[in-house]
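need a 3D model of the sequence below.
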Amino acid sequence: MEEGLLPNETKPTGSRGANLELPSSTATSSLTPVLVFSTFVAVCGSFCYGCSLGYSSPAETGIREDLALSTAAYSVFGSILTVGGMVGAILSGKIADLIGRRRTMWFADVFSTAGWLSIAFAKTALWLDIGRLTIGFGVGIICYVVPVYIAEITPKSHRGSFVSANQLMTTSGFALTYFIGTLISWRALAMIGATASVVQIIGLFFIPESPRWLAKLGREKEFEAALKLLRGEDADISEEAADIRDFIEMLEQQTEASFLELFQRRYANSLIVGVGLMLLQQLGGNGPMAYYASSIFEEAGISSTIGLKVLSVIQIPVAIVGLLLMDRSGRRPLLLVSASGMCFSCFLTGLAFCFKELPHLKALTPILALTGALASAAAYTIGLGGIPWIIMSEIFPVNVKAQAGSLVTLVNWSTSWFTTYTFNFMMEWSSAGTFFIFSGVGGLTVLFVAKLVPETKGRTLEEIQASLTPFL
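Model (predicted):
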């Protein structure tokens, strides 16, 4: 029997500045086939995102040989994904609020599928770039809407693990692309990404819309039907439905949300946490390390084929461990372990490139660089890869979620572009120095999480948002 997410106690009043008491519930929410299937369909988009991240590294040799691309032309192809992602990020929140979470995923998939097909059948660099740009636009939207949709349909007792499936599927797409990218042609590899998008397009016809989005629009019958479908026919949804309605009603009594309103003091805590995590996630260097893994391995004296395969094998088990720990250990401990691991592993890689310049220690460079790369990938996957997106989906109230989601997603993609674009220049300046800088960012991330990031495990979205917004 499904119980409400909040106990039947004092409900929030609608007055401005009212104190919102949201006590914790001890209820254990059951899983339903509809909830599991809905989550699976949603994270098919995350798989496509992972494929797009991992595609450029294993496909580089084949594309450059077949289409005679220069280094500069291929650099444009690799980095233009982030440009499309920034455009998608700007529009993601507004589109999701306007047409709903489910239709937004469908909208993004159309662009992603078209982009993958453009790459698969490309005869010139122009069609490659158009395809990559189009994929970027699609996955830029997916990055926002998938974790938000999953967070809004899932009971609090399972929300962390279910939203973590987003990172698991991203990692799976990334790892699969890395692993088989050296075995099949780059055109066949592009079709794998297209297949994931098509599977999601079909699946979206069979899953419900987000109940919280329906409640926000006042579509009561559809809201109750969707919640009932997700919680099970025998579930009592009356208390959970009432709590969602009360919280949304109180939020709607505030002034109409606009982008500028997002910067009011009441949302400062949420904004600092959301933007800060996205900045630190990308400034830590995982993006360029993924895009240019082959060249990093080769510079360290490691076979790129072996390096990519080993890297792909380690990430999926680590992502599964992170998923299993998410609702047991909580978000903060995993983030602290992840950031500490990134700090150490990047320092180790920097040390490896330092040893490369010393004749009596040069032999240690390959093993240290490979160890650092594997440790960095594992550390990122278990925490920093997915948890910032989970927290982003949890901390912003529904009346500003569109604006806030677009902002933090834009910050993520624009910072990704910056680190990806500057990485090769930094490596020319100093390979060791580049990774020492990334290590320093990892250290700053540890401090940021320890001081500012709240624990959201085992709390309803309404409880989390009330604790972060003083006016509630």
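
how about D66, secondary structure?
helix (DSSP: H, G, I helix; E, B strand; the rest coil).

and it, how many neighbours does it have?
Neighbour count of D66, defined by other Cβ atoms under 10 Å: 13. In short, each C-beta sits where N, CA and C put it, glycine included.

cool, and S38?
Residues within reach of S38, counting by other Cβ under 10 Å, total 27.

so what does the nearest residue to it once chain neighbours are set aside have for phi and psi?
Among residues not flanking S38 along the chain, I207 sits closest, at 4.1 Å (Cβ to Cβ, 6 or more residues apart in numbering). Dihedral pair for I207: phi -120, psi 160, per degrees, to the nearest 10.

distance of L308 from A373?
10 Å (Cβ to Cβ, to the nearest Å).

joint contacts of the two?
Common contacts of L308 and A373, defined by Cβ atoms under 8 Å, 6 or more residues apart in numbering, comprise 293, 297.

for the residue nearest to S38, what are its contacts?
34, 37-38, 41-42, 102.

how about a cut-off of 10 Å?
34-35, 37-42, 101-102, 105, 149, 153, 200, 226, 229-230 (Cβ atoms under 10 Å, 6 or more residues apart in numbering).

check E224 too.
211, 214-215, 237-238, 241.

recalculate using a threshold of 7 Å.
E224 makes contacts with 237, 241, as judged by Cβ atoms under 7 Å, 6 or more residues apart in numbering.

likewise for I244?
211-212, 215.

host element of it?
In the assignment (DSSP states H and E), I244 maps to helix 238-252.

and A151, by the same measure?
Take DSSP H and E as the rule and A151 turns out to sit in helix 125-153.

quick one: distance of that helix to the chain centre.
Centroid displacement of helix 125-153 relative to its chain, using Cα atoms, centre = their mean, to the nearest Å, is 11 Å.

could you do stretch 454-468 as well?
19 Å.

and the helix holding A151, what's its mean pLDDT?
Mean pLDDT, helix 125-153: 93.

ok and it relative to helix 238-252, angle-wise?
120 degrees (axes from the mean of the first three to the mean of the last three Cα atoms, to 10 degrees).

would you mark the buried spots in whichever helix or strand comes after helix 125-153?
For helix 125-153, the following helix or strand on the C-terminal side (DSSP H and E) is helix 159-180. Within helix 159-180, the residues scored as buried using 16 or more other Cβ atoms under 10 Å are 159-179.

what's the answer for stretch 384-404, then?
Buried residues in stretch 384-404, counting neighbours by 16+ other Cβ under 10 Å, are found at 384-404.

please apply the same query to stretch 293-306.
In terms of neighbour count (16+ other Cβ under 10 Å), stretch 293-306 has its buried residues at 293-297, 300, 302, 304.

what does stretch 415-424 give?
415-417, 419-420, 423-424.

kindly report the same for stretch 34-54.
Using 16+ other Cβ under 10 Å as the test for burial, stretch 34-54 gives 34-35, 38-39, 41-54.
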